[in-house]
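1. here is my input; please provide its structure:
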Amino acid sequence: MSVANTVLENNGAVFVNGGPTPLAAAADVGATTIKVGSVSGLTAGKTITIDAGANAETATIAAAGTAGAGGTGLTLTTALTLPHAVGATVYGPTSTDPTGDLTTLFGVGSPEWNEGKASQTAPSGTGARTLAQTDFVGIAVHCGNTAGGIAARSVCLGNPNAKPDPLLDEPAGYTGFQALFGAKYTNPAITGGAAAVNDLNGKPITDGFGQPGFPGFDSMPAATSLAYVAQMQEAGIPVTFAYISDVHDNHAGGGAYGPGEAGYVAALKDYDDAFAKFFARLAADGINQGNTLFIVTADENDHFAGETAQNCDGVNTPCVYNTAAGNPQHGIFDVTNGGATPWNGPTVWPPAAQNGPLVGEVGYNMKWLIGATIANTGYDISFDSAPSFYINGQPQAVDAAGNVVLNPTLRAFEQAAANLEAFDPYIDATQLTPVARYLVDAPTLKAIHMINADPQRTMSFTMFSEPDYFFETFSPCPSPSQGCVNDGFAWIHGDYSNDIGQTWLGMVGPGVKQRGVDDSTWTDHTDIVPTMMKLVGLSTDYQPDGRAITQALTPAVGGASLSFTELGNVYKQLNAPYGAFAHSLIVASTNGIRSDDDTYLSTERKIQSLAARRDALAQRMKDALNGSTAARDLPLLEVRNLLLILEGRALLKAAQQFAGA
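-> Take a look at the predicted model:
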């Protein structure tokens, strides 16, 4: 339920070349001009479709004028042969989207593909435009491939809506598996025929137009997600995963909450109530911690970008934020424009009529801050608090042979980022302050697992900024020469900061130790699958990057010696992107990038050398952590584990000393 990469994530069937847009005025038979809501993409000579279903007809544009009921509209080469009501869709030529989910899974011309095309060619803001997403995106049931055991009770078995479940990268192949994709097919299979699943409060789960099905990735409160989990479990689906929307954003009315704000507190209470109803409902079904494994975690914590509220506790006295006029932007300020103009100080700070603390990220246009080009070279960034820079030509710190090189263009960009200053009112309301907390390029990006198999997705470098900031390549503020506190978003994630990187994991079930809090064991998300597999007695057909969290397991299940557990601890500090080894290299990389060219080159080469040693050692550790634990092998395994632990600690110390950390 709503878990990325396990469900359909788009309703792509076609590309639309112009429109869709609604008719802004009714069009009668014989008309040679039609009024449309927008003329964007609708140009002379283009063939358009007017209306849908049996009332659809095509026409060719002779001339394009202005939009709206009072505009000149589109002049057609021939008169209309059918009448069309206000709001009827108008769109240009379509072509098949070869990579759209509805094309690749269901096929061109299938009923699902035709529904997707109809949605993509319907006017925006209508139920018709949303229907294909509601029906097919966000929800799936993956089934077994045999006729016996659990698969014999599978909701796919004999279901005409079950489709092949392709997984092209599966090492041993993935043939004979089927799945139900989308609420249109999943809901009836798990409810006994009903079109809608009810949330935990008894309300049918629908989209914004009342259509049963997936409400959207950003509309998954606990009462909705957990209701699907319960419904699937009750339908005999033994393994369920669900995503729950964050609770600190106002998903109903937009914007973000601040700590202790009345809406935030109420939302937290709703989530608490939903979990209570969820566990009670499953317990009534006989599904409980005695026979079922429950795992709950957060993908990350978020950094609150805002001021601390005063004289409130959120319980007896609600906290109030953003009371200044001019929402959603508060506090417009000028900063140095790439060194071209002097900083004039904040033009409006503190915000006029501000009667409470601010909530909101500090938004900037990076291309205004640092310049549209550097060294006569253009670039783009990922919009983030930790923007990755994609420089034209993809200059890198290593060449094709893997050797560290001095690339003048890359160095110019990195130096500009290293010296970047901006105004962050949450740090200092009177002074420019440094923006970059850390800077990393190819050797360190590889060491912290930020480079994947697709070279076109490889950034030139990444800047981990102070976490109040959010950067784009256009301005979130009224003027491109300004920054602002934007209260539409107030919770920063994806950056390198303790309050973001440190989160929690909760587990209960057979084989998990009795309740308690363990705030000393270091884990990350890659450890969840190995731990889950150990608890349920299954295994993966690939070598995981994590390790079973033996500290959380009963001795009968964990069965690990002290050396095995400590080996896992050292391995995590060496190989995890947020571990001690990665931290040392990130610090060293930042120091090197900020230094002269000779120091930079020597630092990069040392990082590359340390990372190569780490990779080899981490692989040996993974082999040990996933290898035999038979009693007859234990004496030799203990010696091996201790040697790996000592080697790992030595490498951690070497990296720490190198970074001066």
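
2. which residues does the nearest residue to G45 once chain neighbours are set aside contact?
-> What sits nearest to G45 in space, not counting adjacent residues and going by C-beta to C-beta, 6 or more residues apart in numbering, is I61, at 6.5 Å. Quick note: C-beta positions are derived from backbone N, CA and C, even for glycine. Neighbour list for I61: L42, T43, A44, G45, K46, T47, I48, L74, T75, L76, T77 [criterion: C-beta atoms under 8 Å, 6 or more residues apart in numbering].

3. what of T603?
-> Shown in contact with T603 (C-beta under 8 Å, 6+ apart): A588, S589, N591, G592, S595.

4. follow-up on the earlier one: helix, strand or coil for the residue nearest to G45?
-> strand (DSSP: H, G, I helix; E, B strand; the rest coil).

5. how near is it to A422?
-> Distance, I61 to A422, using C-beta to C-beta, to the nearest Å: 47 Å.

6. list the buried ones in whichever helix or strand A416 is part of?
-> Following DSSP states H and E, one finds A416 within helix 408-418. For helix 408-418, a neighbour-count test (16 or more other C-beta atoms under 10 Å) marks T409, L410, R411, A412, F413, E414, A416, A417, A418 as buried.

7. give me the contacts around that helix.
-> Taking C-beta under 8 Å, 6+ apart as the rule, helix 408-418 contacts 338, 370-371, 374-375, 377, 379, 389, 391, 393, 395-397, 435-436, 439, 441, 460-461, 463, 593-594, 597, 600.

8. of the residues you listed, buried ones?
-> Buried, going by 16+ other C-beta under 10 Å: 338, 370-371, 374, 379, 389, 391, 395-397, 435-436, 439, 441, 460-461, 463, 593-594, 600, out of the contacts of helix 408-418.

9. mind listing what P166 touches?
-> Counting by C-beta under 8 Å, 6+ apart, P166 has contacts L105, Y174.

10. would you agree Y390 is in contact with Y379?
-> Yes - judged on C-beta atoms under 8 Å, Y390 makes contact with Y379 at a distance of 6.2 Å.

11. quick one: classify P188 as helix, strand or coil.
-> Secondary structure for P188, judged by three-state DSSP, is helix.

12. my guess is it contacts V197, does it?
-> No - P188 is beyond contact range of V197, at 10.0 Å (criterion: C-beta under 8 Å).

13. neighbour count winner among those two?
-> Applying other C-beta atoms under 10 Å to P188 and V197 shows that V197 carries more neighbours, namely 24 against 19.

14. what sits against the nearest residue to S219 once chain neighbours are set aside?
-> Excluding the flanking residues, the one nearest S219 by C-beta to C-beta, 6+ apart is H251, at 6.0 Å. Applying C-beta under 8 Å, 6+ apart, we find H251 in contact with D218, S219, P221, S245.

15. whichever of those residues end up buried, select them in PyMOL.
-> Selecting only the buried entries of the contacts of H251 in PyMOL, with 16+ other C-beta under 10 Å as the criterion:
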select buried, resi 219+221+245
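
16. of the contacts of H251, closest to A132?
-> Here the nearest of the contacts of H251 to A132, counting by C-beta to C-beta, is S219; it sits at 16.4 Å.

17. quick one: contacts for that closest one?
-> Going by C-beta under 8 Å, 6+ apart, S219 touches G208, S245, H251.

18. quick check, it in a helix?
-> No - using three-state DSSP, the secondary structure at S219 is coil, not a helix.

19. switch to numbering from 255
-> Sure, I'll start numbering at 255, so the last one becomes S473.

20. isn't F728 right up against G617?
-> No - counting by C-beta under 8 Å, F728 stays clear of G617, with 10.1 Å between them.

21. between those two, which one's more packed in?
-> The neighbour count for F728 versus G617, taken as other C-beta under 10 Å, is higher for G617 (22 against 11).

22. looking at this protein, which helix or strand does the model trust least?
-> Sorting the helices and strands of the chain by mean pLDDT, DSSP states H and E puts strand 583-587 at the bottom, at a mean of 65.

23. can I get stretch 900-912 as PDB, trimmed to CA atoms?
-> What follows is stretch 900-912, C-alpha atoms only, in PDB (Å, rounded to 0.1, in the frame of the first residue of the first chain):
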ATOM      1  CA  LEU A 900      40.400  -5.600  14.800                       C
ATOM      2  CA  GLU A 901      41.000  -4.800  11.100                       C
ATOM      3  CA  GLY A 902      37.800  -2.800  11.000                       C
ATOM      4  CA  ARG A 903      38.600  -0.800  14.100                       C
ATOM      5  CA  ALA A 904      42.100   0.000  12.700                       C
ATOM      6  CA  LEU A 905      40.600   1.300   9.500                       C
ATOM      7  CA  LEU A 906      38.000   3.400  11.400                       C
ATOM      8  CA  LYS A 907      40.800   4.900  13.400                       C
ATOM      9  CA  ALA A 908      42.900   5.600  10.300                       C
ATOM     10  CA  ALA A 909      40.000   7.400   8.600                       C
ATOM     11  CA  GLN A 910      39.300   9.400  11.800                       C
ATOM     12  CA  GLN A 911      42.900  10.500  12.100                       C
ATOM     13  CA  PHE A 912      43.000  11.400   8.400                       C
END
